[in-house]
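Peer 1: got a predicted model here, sequence first, then my questions.
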Amino acid sequence: MTDLDDSGFLVGAIESAVSNGEPISFLGHGSKPRLVENDENAFLCTADHSGITEYRPDELVISARSGTPLAEIEEVVHAQGQMLPSDPPMFNRKGTIGGAVASGLSGPGRPWYGSTRDSLLGVEVVNGKGQRLNFGGKVIKNVAGFDITRLYAGSKGTLGLILSATFKLLPLPELVQTVELECSDVDAHQVLESYSRRPSTLSGSCHFEGTLYLRFAGASSAVKNDVEESRGSIGTSLSWTELRDQALPFFGDPVPIWRVSLERGILFENVDEFEVLSEWNGSLIWVKTPTESPPPVSKYIGRAEPFRNLYLEAARPAKYAARIKQAFDPSGIFEPNVVA
Amino acid sequence: MKNTFALELLRSELSRHVVLTDRHAVRPFETDGLTAYKETPWAVVLAESVDQVQSVLRICNECRVPVVTRGAGTGLSGGARPNAEGVLLVLTKMREILEVDLQSCTATVEPGVTNLAISEAVQKHGLFYAPDPSSQIACSIGGNVAENAGGVHCLKYGLTLHNVVGLKVQTIEGDELVLGGKSYDSSGYDYMALMVGSEGMLGVVTEVTVKLLPLPSHRIVMLGAFRDLERAGECVAGIISTGLVPAGLEMMDKLAITAAEEYAKVGYPTEAEAILLCEIDGGEVEVEHHSTEVEKLMKSFGAFKIDVAKDPEECERLWRGRKSAFPAAGRIAPDYYCMDGTIPRRKIGSVLSSIASMSRKYGLAVANVFHAGDGNLHPLILYDAAVKDQQSKAEEFGAEILECCILAGGTITGEHGVGVEKIDQMCAQFSDEELEQFHLLRKVFDPYGLMNPGKAIPTLARCSEIGGMHVHRGELPHPELERF
Ligand SMILES: Cc1cc2nc3c(=O)[nH]c(=O)nc-3n(C[C@H](O)[C@H](O)[C@H](O)COP(=O)(O)OP(=O)(O)OC[C@H]3O[C@@H](n4cnc5c(N)ncnc54)[C@H](O)[C@@H]3O)c2cc1C
């Protein structure tokens, strides 16, 4: 575990990029797939700016420098019986906390534990003027000033460099069990719908190849009860970590894979019989298509984005997005190839 | 300068009965829940539709007239205080529940719908809307969004920000922003995060889609009585650090207990120096198990009496005292001033004793009743505005409490917002560069600074004028000097 404050170097590098008007991109450990490889950009790497700066298990709050590997944070908080609620993907286990904030991605528990943005409490950032700024803080409730902290979640580096982040933690559940049910996507949809309207310890769902996997987590008495009521069999064949990190064989296929976010409670009618994996109560589906054209999802008011170029979105910036960018990065040097 | 041309436009575009300027008609809107700050609005518009909201915003933008949005006016930081030369845009008439969608477990409502009305409307489906500010019978969901309101159940279920999934927002330039929605992801910058807690300065919220949760099947409310305030504070940190997540964990001190008991007659132990109210919900076995654990913990921190309520009426009785604490405080003093700082939980005990010594210094009593599990303090400073100097003393006392919260590593406001009330303490919490960034962000949505001007974000000039010092991450210049 490294403990190194490299912020002097990072801020200096940004200051000089600002004064020379050079474009700059950020890189943690390069764990997230990236299509745009633009040699003209300097890549500023946060990997050396690493280490947990404050962890108080009794407060359930942790602060770490942006280059700290998520795996390291996980290890440290697990040892205290705690977890990062949103369980952000680590990919090859090298993903950093800064990358998790900047990409805003969340793990399989997202509908129940909230998103990465939800548990983010504070950030220290460097904006496009080279200023070091602190927003949010280390307490659970904080409404002083606009919520710039959460604006940085999912900002993909376009608003500046995240130097450190503070997260709220949750206690690890006493017991976690996975139940398997053989069923079609239509039946799976019904099962999941029935859970949304009654209290339970459900905290993860995944359906593919005719099996519905339900993860129950919480007080052991409650979990046991839910497992029994589910009438499925306890199974261990699905790794939620591999699902989170897109390391299941499903994701290894070279064909195009689309990440589709559906409205809650809507069933994707798979008329073309694409290969589909669903999670998040069926609201996040991964669709493999034989050609480069996206699956037909517009009627579900969801969104499809190509998985492999997670960082590239074609949408033109709306008026306000351009102005936000301008407010934080007046000379437009950060991540010039990303349109947030 | 009052812009009479703007008024003519408003009158000609909107039906006459929604535009009020008569002195008597506008009087009820002089103040929000922070009654010490009054201002007569120049014109009040009681908007009945999104079209009318858009007209008001367009006219105000074109004529450069300030516009202050108001929900139910229960805010405690003067956020909805009118502008003497501006329009007060009141949204309480837009109070329809547009849709309850059982498939997605969401409700879509107009901004003037009260917080409680949502839970009441969906109760028959076994669902509820989790954030429950004590003002929930009156406050509007639009106001909740603008303040990122919390409540006693936010410890487990999150704040407004965690429970709102979609918004429609009207900007002063005439754009409608459709934000979030029923899917978990949305593209681009997180405008929702910006709008929640923006205190009416970035746009007018005209539609809110909230997440509905299944009502828990079982719950238990426990009251632990303590002879020592600091020990009760330590017990809060003790409960949280064991890994339990109570649905609510609230604390009251002696003055608050006595006032609430006199007012609500719910059987609170008035001999106690502090009580903790702890609610546990979930499945039957889990609730039993966790409440036994809490009971043990309370005892180990010195609770001399523990009341356990299991049936719904008993639970309601224990909460009723807590929920009536504010009006109860209103009965023991002519005026009270409610503060809202948040601190790390482990510092509750020490900050409360600092507040007690400030109370002696200023000669003003203070009652504490607050969201202890979140570390969100609500000291109620009791005073009498009719007595010379008491108002300004109360304000000074409040400012000192907030500085104490910043020093403890916390923040000046947990849920009530900055408004006009805490604007000077913003200078202590943020650096000039940070404040500048807030101003730049504001201009993104409101280039002329017409929406709720003078609130929430102080100008740099104001900060240098008051000469307040910026406390950087809990480190004050000259920490060796005693300040409280
Ligand atoms: C007795 C009492 C108890 C309280 N308890 C709590 C509590 O437990 N937790 C808590 O969080 N708060 C509490 N409050 C404070 C208050 O009720 C909340 O801040 C509430 O969210 C305000 O809602 P409102 O509709 O009254 O808003 P208002 O007071 O009318 O307005 C508040 C702010 O929101 C803006 N605003 C209002 N509606 C809109 C809109 N549609 N679009 C854009 N901006 C808008 C206004 O401009 C203003 O800045 C309490 C208040 C009282 C009087």
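Peer 2: Okay, I see it. Everything numeric here is computed off the predicted structure, so don't read it as measured data. Numbers count the residues shown, from 1 in each chain, chains lettered A, B, ... in the order given.
Peer 1: so what's the residue count around residue A:9?
Peer 2: Applying other Cβ atoms under 10 Å in any protein chain shown, we find 12 other residues in the vicinity of residue A:9. Every residue, glycine included, has its C-beta placed from N, CA and C.
Peer 1: separation between it and residue A:162?
Peer 2: Note on residue A:9: its distance to residue A:162, by Cβ to Cβ, to the nearest Å, is 15 Å.
Peer 1: what's the answer for residue B:236, then?
Peer 2: As defined by Cβ to Cβ, residue B:236 lies at a distance of 31 Å from residue A:162.
Peer 1: ok, residue A:180 next?
Peer 2: Remark: distance between residue A:180 and residue A:162 (Cβ to Cβ) = 39 Å.
Peer 1: quick one, which of these two is more surrounded?
Peer 2: Residue environment comparison for residue A:180 versus residue A:162 gives the larger neighbour count to residue A:162, 27 against 17, counting by other Cβ under 10 Å.
Peer 1: contacts only, for residue B:121.
Peer 2: Counting by Cβ atoms under 8 Å, 6 or more residues apart in numbering or on different chains, residue B:121 touches B:97, B:100, B:107.
Peer 1: which parts of chain B sit against the ligand?
Peer 2: Proximity of chain B to the ligand is assessed by Cβ under 6 Å from any ligand atom, with B:32-33, B:68-76, B:79-80, B:91, B:111, B:133-135, B:139-140, B:142-144, B:146-147, B:149-151, B:199-200, B:204-205, B:326, B:415-416, B:452 identified as the residues in range.
Peer 1: against chain A, which of those make the cut? List them.
Peer 2: Among the residues of chain B next to the ligand, the residues within reach of chain A (Cβ under 8 Å from any Cβ of the partner chain) are B:147, B:150, B:415-416.
Peer 1: how's chain B carved up into domains?
Peer 2: In the assignment given by automatic domain parsing, the structural domains of chain B cover B:2-90, B:97-214, B:218-327, B:333-466.
Peer 1: need the ones you listed in CSV (columns: mean pLDDT).
Peer 2: Listed next are the domains of chain B as CSV, based on pLDDT from 0 to 100:
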stretch, mean pLDDT
domain B:2-90, 94
domain B:97-214, 95
domain B:218-327, 94
domain B:333-466, 94
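Peer 1: turn those into CSV, including distance to residue A:48.
Peer 2: CSV is the format used below for the domains of chain B (distance: least, Cβ to Cβ, whole Å):
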stretch, distance to residue A:48
domain B:2-90, 43
domain B:97-214, 28
domain B:218-327, 33
domain B:333-466, 25
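Peer 1: grab the most central residue of the chain for me.
Peer 2: You didn't pick a chain, so chain A it is. By Cα atoms, centre = their mean, the mean C-alpha position of chain A lies nearest to residue A:105, the distance being 1.5 Å.
Peer 1: my question was about chain B
Peer 2: With distances taken as Cα atoms, centre = their mean, residue B:416 lies nearest the centre of chain B, 3.0 Å away.
Peer 1: right, and it touches residue B:341 too?
Peer 2: No. Distance between residue B:416 and residue B:341: 10.0 Å, which falls outside the contact criterion (Cβ atoms under 8 Å).
Peer 1: residues contacting the residue nearest to the centre of chain A?
Peer 2: Shown in contact with residue A:105 (Cβ under 8 Å, 6+ apart): A:88-89, A:116.
Peer 1: and those, which of them are in helices?
Peer 2: Taking DSSP state H, the ones among these that sit in helices are residue A:116.
Peer 1: closest to chain B among the contacts of residue A:105?
Peer 2: Comparing the contacts of residue A:105 against chain B with Cβ to the nearest Cβ places residue A:116 closest, at 10.8 Å.
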